[in-house]
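**Student:** give me the fold of what follows.
(one chain, ligands or ions: 2)
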Amino acid sequence: MKERTLSIIKPDGIARGLIGEVIKRFEQAGLKIVAMKMVRMSKEQAKEFYAVHKGRSYFEGLTDFMSSGPSVVMVLEADDVIARNRELMGATNYEEAAEGTIRREFATNERRNVVHGSDSPETAEFEIDYFFNAVELVGT
Ligand code: ADP
Ligand code: MG
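**Tutor:** Ligands and ions are numbered 1, 2, ... in the order given. This is a model prediction of the structure:
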């Protein structure tokens, strides 16, 4: 079933020149980009975006990191794109991520893991709405 997901190339990915590398992988896997822009989240916005993680030990570090520089945010569309994107990303902890995944190849620690991807249809809807309005979602 065709669905949409929110992808973020995190500030470490931007700083290390990995925008093209990540987008190439999405395109080669047949995931369509239906919206894209560069944003610089404030600390408050990062806390709002990651609100479900509030109270976790890594929350402060994560929201400091996500507001430390620009990110590229994208909406990807394809059949089963939520799962397929997470497969391309690899596990949250890059040391446990499968060979050939983005995180396995490029993450530098558990926080600085290059990419974000929605984990369910409900979070995808919240996350897409957080960054994009109807006019910005160009469709296919
Ligand atoms: P994912 O990004 O794979 O969906 P989570 O939603 O569990 O992972 O966590 C959100 C983000 O918080 C992770 O991508 C990572 O940047 C950071 N994070 C998660 N767990 C840890 C941890 N134990 N230590 C440091 N950072 C973490
Ligand atoms: Mg998550």
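**Student:** and E136, how far from I33?
**Tutor:** 12 Å (C-beta to C-beta, to the nearest Å). Any C-beta I mention is one placed from the backbone N, CA and C, and that applies to glycine too.
**Student:** could you pull out the helices for this structure?
**Tutor:** 11-15, 19-28, 43-49, 59-66, 81-89, 102-106, 121-131 (DSSP state H).
**Student:** next, the buried residues of the last one.
**Tutor:** Applying a neighbour-count criterion of 16 or more other C-beta atoms under 10 Å, the buried positions in helix 121-131 are A124, E127, I128, F131.
**Student:** so the last one touches V73, yeah?
**Tutor:** In this case it means F131. Yes. The criterion here is C-beta atoms under 8 Å, and F131 meets it with V73 at 4.8 Å.
**Student:** overlap of the contact sets of the two?
**Tutor:** L6, K37, V39 (C-beta atoms under 8 Å, 6 or more residues apart in numbering).
**Student:** of the residues you listed, closest to D119?
**Tutor:** Distance to D119, by C-beta to C-beta, is smallest for L6 among these, at 10.2 Å.
**Student:** neighbours of the closest one, how many?
**Tutor:** 25 (other C-beta atoms under 10 Å).
**Student:** does it touch S120 like I think?
**Tutor:** No. Using C-beta under 8 Å as the test, L6 is too far from S120 to be in contact (11.4 Å).
**Student:** roughly how far does the nearest residue to D64 once chain neighbours are set aside sit from F126?
**Tutor:** In this structure, D64 finds its nearest non-sequential neighbour in K43, 7.0 Å apart by C-beta to C-beta, 6 or more residues apart in numbering. As judged by C-beta to C-beta, K43 and F126 stand 19 Å apart.
**Student:** could you do V73 as well?
**Tutor:** In terms of C-beta to C-beta, V73 sits 13 Å off from F126.
**Student:** what parts of this protein come near ligand 1?
**Tutor:** Y58, L62, T92, E110, R111, N113, H116, D119 (C-beta under 6 Å from any ligand atom).
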